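In: Got a predicted structure plus its sequence, pasted below:
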Amino acid sequence: MAEIDASVRVRYAPSPTGALHLGGARTALFNYLFARQKGGRFLLRIEDTDRSRFKPGSQASIEEGLQWLRMTWDEQPVVQSERKETYQQAAAVLLESGAAYRCFCTPARLEQMRAEQRARHEPERYDRRCRSIPKHESEARAAAGERFVVRQAMPIEGTTTFHDLVMGTVTFRNDTLDDHVLLKSDGFPTYHLAFAVDDHDMRISHVIRGDGWLPSAPKHLLLFQAFNWLPPAFAHLPLVLGPDKKPLAKRHGAKDVLEYREAGYLPEAVDNFIAFLGWSPGTEQDIFTLDELIKAFDLSKIQASPAIANLERLDWLNGQFIRRLNPEELASRLAPRMPEAAAEALKPLVPLVQERLRTLNEGPDMLRFFFEEPVLSKPEQLIPKGRDAAAASSALRMAVSTLSALPDWTPEAIDPALRGLAEKLGWPSRDLFMTLRVAITGRTVTPPLIESMSRLEKERSLTRLESAASILDSKAA
RNA sequence: GGCCCGUUCGUCUAGCUGGUCCAGGACGCUGCCCUCUCAAGGCAGAAAUCAGCGGUUCGAAUCCGCUACGGGCUACCA
């Protein structure tokens, strides 16, 4: 399908300002899938040049999210704040060649300039006042300690065109490009400079990133040209919107993928889900393992329009993946959520719930009655419609005597015995089963009754039936 | 305002080189079957005048243009 290209090197480059949310995870996943398919490398880069937005712990949390989703990166993550000198040297190169210049304008002047532009309904852009400062003067002022930033000198005319792997051919008029800042007065680079320098140093072959970057792509291309470097290929991903149609990344409290782990989702389901946000293999298969995704992935099949995350589909997918797990595996994933249950005790119970779980978190609720005595908070649930407490109580007692006479405690023995009892009582078997179900589990929605009883042990089952009968008696009295 | 990008069932989408699409699949929804509850599973169904308008063509969801709407960017943020 896809030919191996070991020169493929891609990266996911989050800034450590928060958690890994679904949109970010998808960007990472597309990079990951592409790299693995081509036999290339998937790298990580931490874009922490903005000290004011830095959040301690964010990097660790993002890495944990990636690992949970089974995305492993290949080399030591590159951390931009550790490369300050490299960027400064790069800026010096551009200063020397004239592709960039020092700007001594103060923030106050820039603000005033923009206000005037606004008033005149002009585009708000740097007016390039410092671009004409002679080099020797610029150098002298810098040497004298005057604060400055370094700006990229954009071409005044012409157009910049590039072919985007997702968006197609995109053309920008150069006279609309701003002489943006490359190096801040604190000596840190802006995204643009760091991006070009790092992607070059890391030998990145394909830049797969959110389409928020599309408008600055021509600047980035021009930067590569200014350095005389071969630019990478670009693929801009449409964003992922929440159910409210607001970009996920911007929504207040965008969900950390680790919250999906807490909520009982399987990483393979989440991977499958986010892969289909804006991408489709073009076939009718909709359940993919990570390996299958790697094989099927195709950048050119990515949709150019934004996708809304349909969380109901995630629920369904999760159920599909839970059903595909082998029972031992499911047991081990359930175990951490059920500290009260011994791992060995859990295993035989898993087949009872595997078909009915949508999330791992539903397991404890469904299986709780095996590990603790049920509380009959609604004893009226023991009584079938149209009957009374006395009838239900006596049905329970008859069930006790019928069942206690059984030589074997197996579903094969319990089932016919109870059906026989229902017939004898003149009850529909569903009514009898519901009465017993509530007595045994305390709930109306449970795993199959017969199987549950057989695994509960005979004594415990009979005791619960007995005590349910007593509750009914005291209620009737 | 300027610059870019987008627009197929409620949602994710198939549809890429025009006819086999009066538009296919999936989630969700409705009904039926199965059934000890709930699920799962099976079957059936409702659901998109392919944003609108013009053009090219024998023929357009598919090509072109315009308009509308949506979105992104427009910081010494990333």
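Out: Cool, got the structure. Numbering: from 1, shown residues only, chains lettered A, B, ... in the order given.
In: Going by C-alpha atoms from here, please, whenever you check contacts or count neighbours.
Out: Will do.
In: got the contact list for residue A:413?
Out: Residue A:413 sits next to residue A:406 when contact means Cα atoms under 8 Å, 6 or more residues apart in numbering.
In: per-residue confidence for it?
Out: Predicted confidence (pLDDT) for residue A:413: 94.
In: same deal with residue A:249?
Out: With respect to pLDDT, residue A:249 scores 63.
In: ditto for residue A:286
Out: The model's pLDDT for residue A:286 equals 88.
In: do the one 3 residues further on as well
Out: At residue A:289 the predicted local confidence, pLDDT, stands at 93.
In: Tell me the spacing between the residue lying closest to it once chain neighbours are set aside and RNA strand B.
Out: Sequence neighbours aside, residue A:268 is the residue nearest to residue A:289 in space, at 6.6 Å (criterion: Cα to Cα, 6 or more residues apart in numbering). When distance is defined by Cα to the nearest atom of the strand, to the nearest Å, residue A:268 is 16 Å away from RNA strand B.
In: List the contacts of residue A:268.
Out: Going by Cα under 8 Å, 6+ apart, residue A:268 touches A:69, A:289-290, A:321.
In: tell me the pLDDT at residue A:254?
Out: For residue A:254, the predicted pLDDT is 56.
In: same question, residue A:53
Out: pLDDT, residue A:53: 87.
In: Tell me how many other residues crowd it.
Out: Residues lying near residue A:53 (other Cα atoms under 10 Å) number 12.
In: Doesn't it lie inside a helix?
Out: No. Under DSSP: H, G, I helix; E, B strand; the rest coil, residue A:53 sits outside any helix and is assigned coil.
In: ok, now which ones touch the residue in the stretch 251-400 of chain A positioned nearest to RNA strand B?
Out: Closest to RNA strand B within the stretch 251-400 of chain A is residue A:278: 2.5 Å, counting by Cα to the nearest atom of the strand. Residue A:278 is in contact with A:238, A:302-307, counting by Cα under 8 Å, 6+ apart.
In: if you set the cut-off to 10 Å instead, what comes out?
Out: Going by Cα atoms under 10 Å, 6 or more residues apart in numbering, residue A:278 touches A:26, A:237-240, A:301-309.
In: how close does it get to residue A:190?
Out: As judged by Cα to Cα, to the nearest Å, residue A:278 and residue A:190 stand 29 Å apart.
In: quick one: contacts for residue A:344?
Out: Applying Cα under 10 Å, 6+ apart to residue A:344 gives the contacts A:328, A:331-332, A:335.
In: Strands along chain A, start to end?
Out: A:9-12, A:41-46, A:78-79, A:100-103, A:149-152, A:159-164, A:168-173, A:181-183, A:206-210, A:233-237, A:240-241, A:307-308 (DSSP state E).
In: who does the second one pair up with?
Out: Just to be clear, that refers to strand A:41-46. Here strand A:41-46 is paired, per DSSP bridges, with strand A:9-12 (parallel), strand A:78-79 (parallel).
In: Repeat that for the fifth one.
Out: When sheet partners are counted by DSSP bridges, strand A:149-152 sits next to strand A:100-103 (antiparallel), strand A:181-183 (antiparallel).
In: Mind putting the contacts of residue A:344 into a markdown table with neighbour count, pLDDT and distance to RNA strand B?
Out: A markdown table is the format used below for those (neighbours: other Cα atoms under 10 Å; pLDDT from 0 to 100; distance: Cα to the nearest atom of the strand, whole Å):
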| residue | neighbour count | pLDDT | distance to RNA strand B |
| --- | --- | --- | --- |
| A:328 | 16 | 93 | 18 |
| A:331 | 22 | 94 | 17 |
| A:332 | 15 | 93 | 20 |
| A:335 | 21 | 93 | 20 |
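In: how about low-confidence regions in chain A?
Out: Scanning chain A for pLDDT under 70 picks out A:1-3, A:249-254, A:476-477.
In: Now restrict the contacts of residue A:268 to buried residues only.
Out: Buried subset of these (neighbour count, 16 or more other Cα atoms under 10 Å): A:69, A:290, A:321.
In: Once you drop chain neighbours, what's closest to the second one?
Out: Computed as Cα to Cα, 6+ apart, the closest residue to residue A:290 that is not its neighbour in sequence is residue A:268, at 6.8 Å.
In: Of the strands paired with strand A:149-152, give the one that comes closest to residue A:35.
Out: strand A:181-183 (29.3 Å; Cα to Cα).
In: in that closest one, what's buried?
Out: A:181-183.
In: so does it get close to RNA strand B?
Out: Yes. Using Cα under 7 Å from any atom of the strand, strand A:181-183 reaches RNA strand B at A:181, A:183.
In: Quick one: distance of that strand to the chain centre.
Out: Relative to its parent chain, strand A:181-183 has a centroid offset of 32 Å by Cα atoms, centre = their mean, to the nearest Å.
In: For that strand, report the contacting residues that lie outside it.
Out: With contacts defined as Cα under 10 Å, 6+ apart, strand A:181-183 is touched by A:87-88, A:90-91, A:100-103, A:126, A:148-153, A:188-194, A:223.
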